[in-house]
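predicted coordinates and the sequence they were generated for:
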Amino acid sequence: MHKSSLLLIALLLTSFSSLVAQENSPYTRYGLGLLQQDGNVSNRGMGGASLADRSSTLINPQNPSSYSALKLTSYQLGLSGASYNIQSATSANRTGGFGLSYVNLAFPVAKRTAVSFGLLPYSQVKYSLQAIDTIPSISEVQNDYVGGGSLQRVYLGAAHEYKGFSLGFNASYLFGNYQNNLSQSFTDSLDILSTDILRRNTLGGIVWEVGAGYHYKIKKEKYFNIGATFSNQANINTTGESYSFSSIGSVSSGIYSYRVDSTVGKRGTTVLPSNLGVGVQLGNGDFWKVGIDYRMSDWSSFRSFEVADSFANSSSIRIGGELTPDINDKFNVWKRVAYRLGGYYENMPLQLNNTQLNAVGVTAGLGYPIRRTLRSIGQINASFELGRRGTLDNGLIRESYSRFTIGVTVNDRWFLKRRYD
């Protein structure tokens, strides 16, 4: 194994702690926040259609059975940035963020057998809201809601293929924490000047996912793939803590008293939903491929400390394709570039004011080949997404967003036996 390979592994391990793609959204206030994209940049450019996608050089953690197609060791790293326009019926606000999206490694250990590990995002909480409530004939209350945090998962997966059938798994350790804080300011008519409530949940537990696939050669280089994934309902250990501070008194008299309450080390569980996905893909060698995915999740079963949230079952359809004009052209590099298009529609887990939110978007991307050497090849991938989620109906919020992701994939040959003439 080369020193450069060891250096890249060290980079993967030391990068784990910095996996934060900051996306500010009022909808992250609920549950564990908004779920994050965990697919590679290549699949993101195809609308996220990935469940039947398999590659000899790219890691596809969304279906672990795809690892069995790897022929070379693959290192992947992605960076993502987003811009949001958040609208209500009366106002609008722009926000955004940038950060590391994912980092992972995979390599074949035997013929048609490979393993993979890395760090993937799971969910993110980041919001800052203000609302004014009126208690008739008594007081006005200003509520300031602020939250932050994220959950990640470190995974280890493996897959094996036999006569076109492949089976794989990912065992992930889900970890992280998030805060939901509330600050309330009152008029002195109630003799309550302010109240601050700070809540924090810390999670840690194992999540399992299995994947299956079938690769069928139709004629020459034409092929048909089908893929499926399933993860069962998971109970994640959760530790909660909360602190409450109230300032009581009269502004005119200048006499105050304070009430402090806290709960530390509260232990319970967070129930994550089961997930099921099925995808199909049709392709012709390295020239073109198109695919479609359908996924659904049982988010109505979500509980945190045995308390439900504003969730309903979710589903999504994702479709996309890729075209490479001529991967073997030695003179025109743009003919060796992979061009991608896609789109998606999702019924989100959130259900607010008797309205289940949805998201819709279109994507585009490309894969630019890195110069080959005797031992390695690579690709720089980029994807761009335009989307919208939420609605202005029923007093809700609509978010329009654009997201750009860039990633690099480097492939190397490991465990080669030296030969001498």
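The structure has been received and is ready for your questions. The structure presented is a predicted model; accordingly, all values stated were derived computationally and were not measured.

what stretches of the protein score poorly on pLDDT?
Within the chain, the ranges that satisfy pLDDT under 70 run 1-23, 135-139, 187-193, 249-257, 372-376, 414-421.

longest strand in it, please.
For the chain, the strand with the greatest residue count under DSSP state E is strand 192-219.

partners of that strand in the sheet?
Applying DSSP bridges, strand 192-219 is found paired with strand 165-186 (antiparallel), strand 222-231 (antiparallel), strand 234-250 (antiparallel).

pretty sure residue 197 is touching residue 243, no?
Yes. Counting by Cβ atoms under 8 Å, residue 197 does reach residue 243; the two are 7.4 Å apart. The C-beta positions use only the backbone N, C-alpha and C, and glycine is treated the same way.

am I right that residue 164 is in contact with residue 212?
No. Residue 164 is beyond contact range of residue 212, at 11.6 Å (criterion: Cβ under 8 Å).

these two: which is more packed in?
residue 212 (19 against 12; other Cβ atoms under 10 Å).

can you give me the strands for the stretch 1-150 of the chain?
Under the criterion DSSP state E, counting those that start in this stretch, the stretch 1-150 of the chain carries strands at the ranges 34-35, 73-87, 92-110, 113-135, 139-162.

to residue 261, which of these lies closest?
Nearest to residue 261, of all the strands of the stretch 1-150 of the chain, is strand 139-162, at 18.8 Å by Cβ to Cβ.

what angle do that closest one and strand 165-186 make?
170 degrees (axes from the mean of the first three to the mean of the last three Cα atoms, to 10 degrees).

what strands flank strand 139-162, and is each parallel or antiparallel?
Partners of strand 139-162 in its sheet, by DSSP bridges: strand 113-135 (antiparallel), strand 165-186 (antiparallel).

want to throw those strands into a markdown table with distance to residue 278 and mean neighbour count?
Formatted as a markdown table, those follow (distance: least, Cβ to Cβ, whole Å; neighbours: other Cβ atoms under 10 Å):
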| stretch | distance to residue 278 | mean neighbour count |
| --- | --- | --- |
| strand 113-135 | 21 | 18 |
| strand 165-186 | 15 | 19 |
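
can I get the ones you listed in JSON lines including distance to residue 150?
Listed next are these as JSON lines, based on distance: least, Cβ to Cβ, whole Å:
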{"stretch": "strand 113-135", "distance to residue 150": "5"}
{"stretch": "strand 165-186", "distance to residue 150": "5"}
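
and of those strands, who's closest to residue 401?
strand 113-135 (13.5 Å).

can I get the CA coordinates of that closest one in PDB?
Extracted C-alpha coordinates of strand 113-135, given in PDB (Å, rounded to 0.1, in the frame of the first residue of the first chain):
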ATOM      1  CA  THR A 113     -16.500  -8.900  -2.600                       C
ATOM      2  CA  ALA A 114     -15.800  -5.500  -1.200                       C
ATOM      3  CA  VAL A 115     -16.000  -3.500   2.100                       C
ATOM      4  CA  SER A 116     -16.700   0.200   2.700                       C
ATOM      5  CA  PHE A 117     -16.600   2.600   5.700                       C
ATOM      6  CA  GLY A 118     -17.000   6.300   6.200                       C
ATOM      7  CA  LEU A 119     -19.100   9.100   7.600                       C
ATOM      8  CA  LEU A 120     -22.400  10.200   6.300                       C
ATOM      9  CA  PRO A 121     -24.800  13.000   7.400                       C
ATOM     10  CA  TYR A 122     -28.200  12.000   8.900                       C
ATOM     11  CA  SER A 123     -30.000  15.100  10.100                       C
ATOM     12  CA  GLN A 124     -29.500  18.800  11.000                       C
ATOM     13  CA  VAL A 125     -31.100  21.300  13.300                       C
ATOM     14  CA  LYS A 126     -30.500  25.000  12.700                       C
ATOM     15  CA  TYR A 127     -33.200  27.700  13.100                       C
ATOM     16  CA  SER A 128     -33.900  31.100  14.700                       C
ATOM     17  CA  LEU A 129     -37.600  32.100  14.900                       C
ATOM     18  CA  GLN A 130     -39.600  34.800  16.700                       C
ATOM     19  CA  ALA A 131     -43.400  34.800  17.400                       C
ATOM     20  CA  ILE A 132     -45.700  37.100  19.400                       C
ATOM     21  CA  ASP A 133     -48.500  35.600  21.300                       C
ATOM     22  CA  THR A 134     -51.200  37.600  23.100                       C
ATOM     23  CA  ILE A 135     -52.900  36.600  26.300                       C
END
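
and that strand, how far out from the chain middle?
Strand 113-135 sits 9 Å away from the centroid of its parent chain (Cα atoms, centre = their mean, to the nearest Å).

now the spatially closest residue to residue 98 that is not a sequence neighbour: how far from residue 406?
Computed as Cβ to Cβ, 6 or more residues apart in numbering, the closest residue to residue 98 that is not its neighbour in sequence is residue 81, at 3.8 Å. Taking Cβ to Cβ, to the nearest Å as the measure, residue 81 falls 9 Å from residue 406.

with residue 121 instead?
16 Å.

can you check residue 156 too?
26 Å.

for the residue nearest to residue 98, what are its contacts?
21, 96-99, 403-405 (Cβ atoms under 8 Å, 6 or more residues apart in numbering).

may I have the beta-bridge partners of it?
residue 98, residue 404.

cool, residue 103 as well?
Bridge pairing for residue 103 - DSSP bridges - gives residue 77, residue 119.

verify the stated contact: it with residue 61.
No. Between residue 103 and residue 61 there is no contact under Cβ under 8 Å: 11.1 Å.

list the residues that contact both of these two?
With Cβ under 8 Å, 6+ apart, residue 103 and residue 61 have common neighbours residue 118.

so these two - more neighbours on which side?
The neighbour count for residue 103 versus residue 61, taken as other Cβ under 10 Å, is higher for residue 61 (28 against 23).
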